[in-house]
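Visitor: Please work out how this folds:
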Amino acid sequence: MKKITKIGVLVMLVAITLSLAACSSGTKTSSDTKKYVIATDTTFKPFEYENDKGERVGIDMDLLAAIAKDQGFEYELKAVGFDAALGEVSTGQSDGMIAGMSITDDRKKTFDFSDPYFDSGVVMAVSASNNTIKSYEDLRGQKVAVKNGTEGAAFAESIKDQYGFTTVSFPDSANMYEDVKAGNSVALFEDYPVVGDAIATGVPLKMVTEMEKGSSYGFAVKKGENAELLEMFNAGLTNLKANGEYQKILDTYIKK
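Guide: Next comes the predicted model:
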């Protein structure tokens, strides 16, 4: 009698084990989906900004959402500002960052980047009422506004000694624009789609130089970490370009 009972128990254990194995080999449930924390900027229109409904929108926001859907991962967005986002990723508080971030050799020392998703460039802009600043030569002895950590700031730093101007740094685009509008700085350097969007939406600025070729934008993770997330971003980007969704996103925010 005891022998029969032991055999019965063994049969039951085998059945349970096979049942669990069958369940685990099926499609992942929603609870199995990997969720990442992604840091971003707060005001870098048209790449990331808050609309009238309080929603985070823009090229980067729509692109991230579309790639996450294509690749089947979830994410929590942390809109903390550009400088803070750099710190979030480099210290491991966030898994990745998308914030109109230029791919540079210096940043590659700290971050691993995705394939480029946008090719940018830098322009100089002045107040719409300013008719004296028309070229870099006109900046001698003047103050110029830049935004921390941007391609525009890097370009301004690279030519300021040559043209004899000083730079004033701001944490966001809005405060930089206000400084130029108020006349505290005579000009600003900014990525062309960003300042172009600002002008199109009523900010009283005007571009006075041709676009300088800049770096490409990329999605970033801490160097040596989150390789799977980076691979999914690249795969999703490739798919979105192939099916036309990528171009639709650009056309939504960049008017030709």
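Visitor: If you count neighbours, what's buried in stretch 88-102?
Guide: Neighbour counts using 16 or more other CB atoms under 10 Å place 88-89, 94-102 of stretch 88-102 among the buried residues. Bear in mind the C-beta positions are built from the backbone N, C-alpha and C, glycine included.
Visitor: Next, check those residues against the strands and list the overlap.
Guide: 96-97 (DSSP state E).
Visitor: and of the buried residues of stretch 88-102, the nearest to residue 237?
Guide: Nearest to residue 237 out of the buried residues of stretch 88-102 is residue 98 (CB to CB; 11.1 Å).
Visitor: Does the closest one touch residue 66 like I think?
Guide: No: using CB atoms under 8 Å, residue 98 makes no contact with residue 66, being 12.0 Å away.
Visitor: Could you pull out the helices in the stretch 1-150 of the chain for me?
Guide: For the stretch 1-150 of the chain, the helices defined by DSSP state H, counting those that start in this stretch cover 2-24, 59-71, 82-90.
Visitor: related to what we said a few turns ago, generate TSV for the buried residues of stretch 88-102, with pLDDT and distance to residue 59 as supplementary columns.
Guide: Converted to TSV, the buried residues of stretch 88-102 look like this (pLDDT from 0 to 100; distance: CB to CB, whole Å):
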residue	pLDDT	distance to residue 59
88	96	20
89	98	19
94	98	19
95	98	20
96	98	16
97	98	15
98	98	9
99	95	11
100	91	8
101	91	13
102	88	14
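Visitor: For the nearest residue to residue 223 once chain neighbours are set aside, which residues are in contact?
Guide: Excluding its sequence neighbours, the residue lying closest to residue 223 (CB to CB, 6 or more residues apart in numbering) is residue 112, at 5.3 Å. By CB atoms under 8 Å, 6 or more residues apart in numbering, residue 112 lies in contact with 220-227, 230.
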